[in-house]
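> Output the structure for:
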Amino acid sequence: MRSWIWMTVMGLCLTGWQAMAQELEERKESAPPPPRLRLTDEAISKAVRETLLEEGRSGADAGTGAGIKREQGKALSADASYQKSERGFSEAQKPGCLGPDATRFQPSSTVVNTPLGKFNVGVGGIFALPFWAAAIARGKCN
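Now for the predicted structure:
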């Protein structure tokens, strides 16, 4: 008797799960396709045309560059924060090994221990050649 009850309960559960699965598949088929996430050339050119029309320029002017006002707004000019970040990026680039700043990230100095204490001795010119070779070997310059 118990086996018949369990069989009935299991059958009802399976039919319920099957109905839910069918409903989910119907929803998937009737749902609109997800929006496209990739930018295509058509979408970009359409956005450019709409922007130019909002600003009062025609598409022909946009292709030739005619009718473009030479304004120096915040987006086009280099304000102080932009110049500061640009300078930071240029200073962070690895220098060329044959350039004047080849040892920028490889200091050309050494610490000398003496009876009076430790002294930092910086060298330059021909005496900096070992430090220049170390910068090349360690990849501190291009």
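
> Output the longest helix belonging to this structure.
Counting residues, the longest helix found in the chain (DSSP state H) is helix 2-30.

> what's the spacing between whichever helix or strand comes after that helix and its chain's center?
Following the chain from helix 2-30 toward its C-terminal end, the next helix or strand by DSSP states H and E is helix 41-55. Here helix 41-55 is found 24 Å from its chain centre; the criterion is CA atoms, centre = their mean, to the nearest Å.

> Let me see the mean pLDDT of helix 41-55.
Across helix 41-55, the average pLDDT comes to 86.

> What residues sit buried inside it?
Within helix 41-55, the residues that qualify as buried are Leu52, counting by 16 or more other CB atoms under 10 Å. (Glycine included, C-beta is placed from N, CA and C.)

> Mind giving me the packing neighbours of it?
Secondary-structure packing of helix 41-55 (3 or more CB pairs under 8 Å, 6 or more residues apart in numbering; DSSP states H and E): helix 59-64.
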